[in-house]
Structures are given as structure tokens and as C-alpha cells.
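Participant: Please work out how this folds:
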Amino acid sequence: MSDLRPFLDGIATYLGGLEREPGVLLCRKHRIEHGTTFYLALLDALRVPWAGEQALARALRVALRACDRIREDPAEAYGAWIVLPGSRDPHNHANNAIDAGCGIDALATLGRLHGRNLPAAARDRMEEAVRKVTNSYIAPHAMPKEILAQRLWSLAAMGSAYAWLGEPKWREAGMAAIERTYRQQHPDGSFPYTPIGTPRSHEGSADVSSFYHSRHALFLLHTLRCFGIDPAQEPHAGVLRRASDFLSSLIGAGGTKCLAVEAKPWYWGSAYEVASHPFDAPALAACGEALGEPRYTAAAARLLEVLLSHREPDGGVTSHRGAGWNFQCRTFWNAHCAWIARERIALERALAASPEPRSAAELSWFADAGLARAEDDRMVVLIRGRKPRANLNHGSAWGGGGLLYAASKADPGVDLVGKRDGDRLLAGEWSVVPANGAGFRRRFAKAWKENREELRFSTWIARVRARSGDRLGAFTWFLSRVRRGLIDAASSTATSGTASQADGALAANSLAFRGTVADAFGDPLDGISTIRRYVFERGCVRVGDALTAQRRLRSCRYRLPRGADQAAFEGASARVKAGIVDFGTLPAGSTVAIRYRLSAKEDL
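Facilitator: A predicted model of the protein is given here:
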């Protein structure tokens, strides 16, 4: 499907079906008018060339509704005008910077593309709204935001506003925000969700986010174009190229991204998500064309194909197939497809192109994110080393130099590792119980200190789920959070998989980590170390995993990945049952090791 117009028409039909009053779209899940719904005006404005007057009429209805929702911020005294509901309605689940970004982007784009065809009174009202919000809120208050996604969402809107009205001070404020964002990008191309040191922010929020990452590149590129700046020139090209490389590294064999690399894991209850693809695919397609990188456009096409496979009979898309409740809603996920419309031509060219077959294996190392990716014509493997500390809701749970994901391209739906959220014995990881470790009261006190506020936050998430109609699911989910946040977090078992400290070393076709075992928050246990080696061959990875204990261990176990074969053990006698290798009690000074292989199917 290289013509995306029917797909975009289906998205518009789905969103239009939420219209209960002129321009008022109500979310079926959250039972509220989200600010994100104003993206329908953006989508329809971009559809006018083929959808005609009907699309323009609805775009105007939604745009005028956005104008109705502009109010002086009721919760602050700084005199800023925002687009409601923003963060002023607890059921909206968004932020002032994001809703202002959606609303103002939609108004400015509609005004720029079709202003001459709109009634003068409506056009003047839209211009007044854009100027009022951009001058009083976006430029002075959204541009200094610490959370990059919030800042850049408003930045994209300010870019669109500048492209329409040409206010020089907007470009000046926008360039300052762009330069600040460039300084916050890690050298490996990744971005922190929230920069380290942000007040009232857990260090896990400074982790990278597979869900949000592509928005940074996409919003930056869009704004540069609006400001009349060539993104292929430095320093912009380097920032966008590094961001695109990191985004590409997260994509698995089946065209979805690895959810285990996520600063906000509480968003997801599903095994995977395609809700970020409406940003991922346009980001890679646009960067690919701007930078002359066919590999980005090929990745964009793959991501878009997967998103297209998640269309529902009502014309809209969903976030995943199968079990799992996700925090956001179809209103958000479909509204975000306006960015596909914005980059439609580049995406259609990407879909029509014939991707070049991968001719050689590639091993990539993203040191700041602690992420390694190995890929050849048969297999994709992801490994995570160093990462920020994590708690119940913030930061990636798994690191320590362990396998995150491995899959054959011939059978991409089967993860050969098999790590699952909530497993007490993680696949591909050591689990130990030290003798003379901290007592239960001390461990429980730490779990309570780390997760007390997270459990309070989890009650709010449960209320959101209950309000959507899933009361039983909300109750059982909250009980699982209590178990994980207090009982499991206070366990005497430490694992290599949660360790935040693991230093990686890359060679031609191999990777090695020196790490530790740690508690649920990533804090290491003294006297226990790991050495983890990965050798990559065509269609397989050979794993050597060793643990050395300078203290006595009451228990030492290792759970083999679900796809492991040719397993061998050294250093102590071991019992193997259901994929769990049990070395039993180990005296101080012991070293035990495991070797095995993960291999891909060959019938591609």
C-alpha cells in the first residue's frame, strides 16, 4: 500500500466518529475531550487536496472549538493563555505544553494552508488565538520545560505558527530551545526523557524512552524547516543522524520496538506497542530524505507496514494485538497519525522503494544508553548494560549486561530470550540469595521508601482504569503493583538483570560486560560480580555468562532463555529443571559459568 490517502481517510473517519457536538470530540475510554483531538483539524487540513470541502469544513469546526478552549491559565498567576484541558483536568492525562502544541499547531497549519478560503472572522479569530497562546505561554513558559517531549511538542507548534505569521521573536525563542535540546542529546544519539537533576524527578526518569524518542527528531526537523533552516547542514544533520541511528537500533525483527528500554514503563501493560509508530515512521522517513540515508527510509517503511496491520474495522488503529491494558487511548494514537499525513509524500516514497538486502552483519554500541544491537540477515539481538536506577514506575527494569531481546527474522513473533515483566527468575539472568544479607525489615523499609509515592501514583492509574470501565482489571492490577513494589522489591534475591552498573567493551564481533547482581532498584550487592560475553556469528549468538562470589551464597540459579540450546555448565554441579539451572549453595570464592547458544531459523 504505497498510497496512504485511504489509510488517512480511515483515521479521519474514526476520529470524526467521536464528534458529539460541532468540533467537540469525546474520548470513549477516558470520557473527556482531550486536547490531542485538535489534531483532527491538522489532519483534515492536510487531507483537503483530495478530501475537499467536507474535510475543510470539519477542520474549521475543530479549529474553532480549539479557540473556544483557550483560557487564561486558571491554576497560575503568570497571565498565560493555554489550550484546555492540559494539566488542569485530572482526567485528561496530558500537559499544558502538549495540548497547546496540538491546538496551536492545528490552528497555524490550517491558517497557513487554507486561510484565504476561510471566513475572515474565523481566520482572524484563529490568528488571535495563535498569537495569544504563543506569546503568553509557549515562548516564555513551554520553551524552558525540562521534559524534552513537552518542550518540543510546543516547539513544533511555534514552528508552524512562525511559518504562518512570521513573528521574529518566535524564531528566536525556538532556536534557543533547539540549541538547548542539542546540548541535552547524549553523544550516542539518545535523549533522556527527563534530564538528570530535574527537580522532583526520580533518576529512572532520566532513562531513554523508546516510546518518546522519535518525537524529538521529528519535532526538531519540522521546526527547522518552518524556520527556513536546511536540516542537512551542521550541527542539525549530526543531531538528526545520531537520533535516527538510535531509533533504528530499537527496532526488532518484527518491526516493533523493544519496550524494555523505557523511562515510563507504567504506560504499558501489553507485550509490545505500535502507538509510537505514527511518530517513528515520519521521523525516519523525513530524516532519511533530508540526510540522504536510504536505511532510515527503509526502516520507516517497515514501521509503517506494521502500523497499517493494526487497523481496526472502524478505520482507526490500535496500540497492539492480544492481552494488556495500556494507559493511553485510541483517541491519542489515532490523532497522532496527523504526523503521517504531514510526511505522507516521504512515507509513500519509502513504501514504494525496494529495500536493499542486508549484506553484512552489524554490531552497534550506544554507550550512553548502555544498549548494544547485533543484526545480520537472519537475526536481531539487543543487550542492555549500564542504565539508571529504577523503581516501580520509572526507569527500565533490566540492564546489567543481559539479553533484552533476540529473534529470528524468519519467525519474528518469537522472542528467543523470553524476559517477562514480573518474573521472579528472569530469563538469561543470575539470581542469588546471599548468606548473612540484610534482614527483611531493612529490605522492606527500603522498598517502602523507594516505592511509597509510586504506589500512591499507582492508585491514580488504577482509578483511571476503573473509570474506563475495567474495574476488576484495575483492582487486580493494583494488587500486582503492591506485590511487585513491596513484596518482590523486599526479596532477599538479587539478580544480574536489574543491575544498573555494567561496563561494556566492544570488539569486532563480540561484546563483553563486567557487572554485578543487584536488588530491585539496581543497587549492587558487595562481593558478587559477573562477566558476560557475547560472540556473534551468522544467525546466532554464543553466550558465556560467569558469576564470581567472594561471599557465601545460600542459593545460586540461572534461568536459560527460552531459545537456548547447546547449554553447558562449569564450576559446580548443577540441577536443571524447566530451564532453571540450580547450582545450590556456593561457598565464598566460587565461580560458576554457563555457556549456550541462541540461533535463528534459516528458512528466510
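
Participant: quick one: contacts for residue 146?
Facilitator: With contact taken as CB atoms under 8 Å, 6 or more residues apart in numbering, residue 146 is in contact with 194, 195, 198, 201. Just so you know, the C-beta spots here come from the backbone N, C-alpha and C atoms, and that holds for glycine as well.

Participant: Assign a three-state SS to it, would you?
Facilitator: Assigned state for residue 146: coil (three-state reduction, DSSP: H, G, I helix; E, B strand; the rest coil).

Participant: In terms of pLDDT, where does it sit?
Facilitator: We note a pLDDT of 93 for residue 146 in this prediction.

Participant: Can you tell me which of the contacts of residue 146 lies closest to residue 209?
Facilitator: For the contacts of residue 146, the closest approach to residue 209 (CB to CB) belongs to residue 194, at 9.4 Å.

Participant: what's the neighbour count on the closest residue to that closest one other than its chain neighbours?
Facilitator: Leaving aside its sequence neighbours, residue 194 sits nearest to residue 205 (CB to CB, 6 or more residues apart in numbering; 4.1 Å). Residue 205 is flanked by 24 other residues according to other CB atoms under 10 Å.

Participant: mind checking how far residue 503 is from residue 228?
Facilitator: When CB to CB, to the nearest Å is the yardstick, residue 503 and residue 228 sit 44 Å from each other.

Participant: returning to what we had before: rebuild the contacts of residue 146 as TSV, extending it with pLDDT and secondary structure.
Facilitator: Conversion of the contacts of residue 146 to TSV gives the following (pLDDT from 0 to 100; DSSP: H, G, I helix; E, B strand; the rest coil):
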residue	pLDDT	secondary structure
194	94	coil
195	91	coil
198	84	coil
201	87	coil
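
Participant: Format those as TSV; extra columns: distance to residue 336 and neighbour count.
Facilitator: Supplementary listing: the contacts of residue 146 in TSV, determined by distance: CB to CB, whole Å; neighbours: other CB atoms under 10 Å:
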residue	distance to residue 336	neighbour count
194	21	25
195	24	16
198	25	15
201	25	17
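
Participant: now, the most widely separated pair of those?
Facilitator: Put simply, by CB to CB the two of the contacts of residue 146 set farthest apart are 195 and 201, 8.5 Å from each other.

Participant: The helix or strand hosting residue 340 packs against which elements?
Facilitator: Taking DSSP states H and E as the definition, one finds residue 340 inside helix 338-342. Applying 3 or more CB pairs under 8 Å, 6 or more residues apart in numbering; DSSP states H and E, one finds that helix 338-342 makes contact with helix 5-16, helix 39-51, helix 277-291.

Participant: State the next helix or strand along the chain beyond it.
Facilitator: Reading on from helix 338-342 to the C-terminus, the next helix or strand found by DSSP H and E is helix 344-352.

Participant: export that following helix as CSV, just CAs?
Facilitator: Output for helix 344-352, consisting of C-alpha atoms alone and laid out as CSV, is shown next (Å, rounded to 0.1, in the frame of the first residue of the first chain):
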residue,chain,number,x,y,z
ARG,A,344,2.8,11.5,3.6
ILE,A,345,4.9,12.0,0.4
ALA,A,346,8.1,10.9,2.0
LEU,A,347,6.4,7.9,3.5
GLU,A,348,4.8,6.9,0.3
ARG,A,349,8.2,7.0,-1.4
ALA,A,350,9.6,4.9,1.4
LEU,A,351,6.8,2.3,0.9
ALA,A,352,7.4,2.2,-2.9
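
Participant: which strands and helices sit next to that helix?
Facilitator: Looks like helix 344-352 contacts helix 277-291, helix 294-308 (3+ CB pairs under 8 Å, 6+ apart).

Participant: tell me which strands and helices the helix or strand following it is in contact with?
Facilitator: In the C-terminal direction, the helix or strand that comes right after helix 344-352 (DSSP H and E) is strand 362-366. Counting by 3+ CB pairs under 8 Å, 6+ apart, the packing neighbours recorded for strand 362-366 are helix 236-249, strand 371-375, strand 502-506.

Participant: Name the residues that touch the last one?
Facilitator: In this structure, residues lying in contact with strand 502-506 by CB under 8 Å, 6+ apart are 363, 365, 367, 370, 372, 385-386, 399-401, 511-516, 530, 532.

Participant: and residue 534, what are its bridge partners?
Facilitator: residue 511, residue 543 (DSSP bridges).

Participant: Could you give the number of residues near it?
Facilitator: Using other CB under 10 Å as the criterion, residue 534 is surrounded by 23 other residues.
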